[in-house]
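Asker: Here is a sequence together with a model predicted from it:
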Amino acid sequence: MRSHPLFQLILLRYREFIREPEALFWNFAFPLLLVAGLGIAFREQPPDIARVAVVTPQLAQSLRQDKQLVVDELSAEAALAALRAGKVTLIAEPGPSGEVVYRYDDTNPDARAARMLVDRAVQVAAGQTDPVVSTNALVREPGSRYIDFLVPGMIGMGLMNSGMWGLVFSIVDTRRRRLLKRIVATPMPRHYYLLSFLCWRLILLPLEVGIPLGFGVLVFGVPLRGSLLELAVWCLLGAFTFGSIGLLIASRAKTIEGASGIMNLVQLPMWIVSGVFFSADRFPAFAQPFIQALPLTALNAALRANMLRGESMLQMKQQAAALSVCLLVSFLAALKLFRWR
């Protein structure tokens, strides 16, 4: 068994991996640091206090009754300067006809929220009462938090990065040093060389997925509502898909610099639009067909559907089809274009 060519090639992958401390850091430590940092930054906490500026003592006295507002009483010039510097989100000042004028940036969500709080405080101070009594029932359900959205995206991004960077750099570097043709000149069947990368991905997959997933579940309480078996299938499909894309990139690249440029060209759009850190639905409707066809978009949507909503693979047929087509096309193209020399 130890003398089998495939075993020796897998052993070669292992030795290449552990001899690169950077690979260990970027594959295992960095995702944990990113999840921990963003999870702490967006942890459950009380609502932010809005800071606003007013230019008259009367308005200041009215607004200070609201505990969700911090009121700075400033001159008109100082208030405008504070708004421009981002020190306050809104200015309230009396208008020429006795009305209250609000100066704020309507594209800023914090400013819009401050406008509602300030206007409510002004109306209450003027004697307005609510015609309908209402109460708040606050819900902080696991699955609706930012950290719940983030962890599946980080798993998907990790599968993409490790599946492409590790495979491409290894093949291109071996070709650049003229070692690839020596390996192929041995009695080893050629397909064993490519199969060794697939087997190595299978060995690494439990660690690549299990570490960030376990960290998110144990530290932040990220829910796992779907089938663990189906979650494993999604991760396996994603790993093979990005591995096949990496194989396609490495099929002709002769230098590390050239391969890096191609990988950045492929990965950068998916980092931005595929819903890793924020929802892909934020982009315009005309771009959605392209975005939804991207393999990372499909993988992230499938992981979130499984983990957060407990949906089965049958309910995510579109995502499964997108990943399968990308896997098949990339792998067949790589086999057709691959150069050993």
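Answerer: That came in fine, so what should we check first? Given the structure is predicted, the values throughout are model-derived calculations rather than measurements. Numbers count the residues shown, from 1 in each chain.

Asker: contacts, neighbours, all on C-alpha from now
Answerer: Noted.

Asker: Break the chain down into its structural domains.
Answerer: If you go by automatic domain parsing, the domain ranges for the chain are 9-42+142-337, 50-125.

Asker: Buried by neighbour count: which residues of stretch 320-328 qualify?
Answerer: Going by neighbour count (16 or more other CA atoms under 10 Å), the buried part of stretch 320-328 is 320, 322-324, 326-327.

Asker: Closest one of these to R177?
Answerer: L327 (28.6 Å; CA to CA).

Asker: Now do the helices for the stretch 1-150 of the chain: every range, in order, please.
Answerer: 5-18, 21-24, 30-41, 57-63, 76-84, 109-125, 146-161 (DSSP state H, counting those that start in this stretch).

Asker: Where does the prediction get shaky in the protein?
Answerer: 1-2, 20-24, 26-28, 41-48, 128-144, 341 (pLDDT under 70).

Asker: redo that, cut-off 50
Answerer: The model of the chain has pLDDT under 50 over residues 134.

Asker: Can you list phi and psi of the spatially closest residue to L150 that is not a sequence neighbour for me?
Answerer: Once flanking residues are discounted, L150 sits nearest to F277: 6.0 Å by CA to CA, 6 or more residues apart in numbering. Note on F277: its backbone torsions stand at phi -100, psi -20 [degrees, to the nearest 10].

Asker: All further residue positions should be reported with the first residue as 161.
Answerer: Yep, numbering from 161; the last one is F437 now.

Asker: Now do the contacts for F437.
Answerer: Neighbouring residues of F437 by CA atoms under 8 Å, 6 or more residues apart in numbering: 309-310, 313.

Asker: most surrounded residue in those residues?
Answerer: Neighbour count (other CA atoms under 10 Å) singles out G313 as the most crowded of the contacts of F437, with 26 neighbours.

Asker: Excluding chain neighbours, what is closest to it?
Answerer: Nearest to G313 is V436, by CA to CA, 6+ apart, at 4.3 Å.

Asker: Q427 is in what secondary structure piece?
Answerer: Following DSSP states H and E, one finds Q427 within helix 416-433.

Asker: Show me which positions of the helix or strand that that helix is followed by end up buried.
Answerer: Following helix 416-433 in sequence order, the next helix or strand is helix 448-453 (DSSP H and E). For helix 448-453, burial by neighbour count (16+ other CA under 10 Å) applies to 451-453.

Asker: Check this protein for me, the residue farthest from its geometric middle.
Answerer: For the chain, the residue at maximal distance from the C-alpha centroid (CA atoms, centre = their mean) is S257, at 49.5 Å.

Asker: Pop out the phi and psi values for the spatially most central residue of the chain.
Answerer: Centroid check for the chain by CA atoms, centre = their mean gives V436 as the closest residue, at 1.8 Å. Backbone torsions for V436, taken as degrees, to the nearest 10, come to phi -80, psi -50.

Asker: Hmm, it is touching G318, no?
Answerer: No: taking contacts as CA atoms under 8 Å, V436 lies outside contact range of G318: 10.3 Å.

Asker: of all the helices of the stretch 161-310 of the chain, which lies closest to L340?
Answerer: helix 165-178 (12.2 Å).

Asker: Show me what the closest one is packed against.
Answerer: In terms of contacts (3 or more CA pairs under 8 Å, 6 or more residues apart in numbering; DSSP states H and E), helix 165-178 is packed against helix 181-184, helix 350-380.

Asker: Repeat the analysis, applying 10 Å as the threshold.
Answerer: Packed against helix 165-178 by the contact rule (3 or more CA pairs under 10 Å, 6 or more residues apart in numbering; DSSP states H and E) you find helix 181-184, helix 327-336, helix 350-380.

Asker: so that helix versus helix 350-380, what angle?
Answerer: 40 degrees (axes from the mean of the first three to the mean of the last three CA atoms, to 10 degrees).

Asker: Just confirm M320 contacts N424, I think it does.
Answerer: No: look at M320 against N424 with CA atoms under 10 Å: they stay out of range, at 11.8 Å.

Asker: list residues touching both of those two?
Answerer: Listed as contacting both M320 and N424 by CA atoms under 10 Å, 6 or more residues apart in numbering are 430-431.

Asker: The two: who's more crowded?
Answerer: M320 (25 against 13).

Asker: Name the nearest residue to that one, sequence neighbours excluded.
Answerer: Nearest non-adjacent residue to M320, counting by CA to CA, 6+ apart: F402, 5.4 Å away.

Asker: so how many other residues sit close to the one you found?
Answerer: Other residues close to F402 by other CA under 10 Å number 26.

Asker: same thing with L355?
Answerer: Per other CA under 10 Å, the neighbour tally for L355 reads 14.

Asker: Next: A196.
Answerer: Per other CA under 10 Å, the neighbour tally for A196 reads 19.

Asker: Verify the stated contact: it with I307.
Answerer: Yes: with contact defined as CA under 10 Å, A196 reaches I307; the gap is 9.2 Å.

Asker: and the helix or strand where L459 lies, what does it pack onto?
Answerer: Under the criterion of DSSP H and E, L459 resides in helix 455-469. Packed against helix 455-469 by the contact rule (3+ CA pairs under 10 Å, 6+ apart) you find helix 306-321, helix 388-410, helix 416-433, helix 448-453, helix 477-497.
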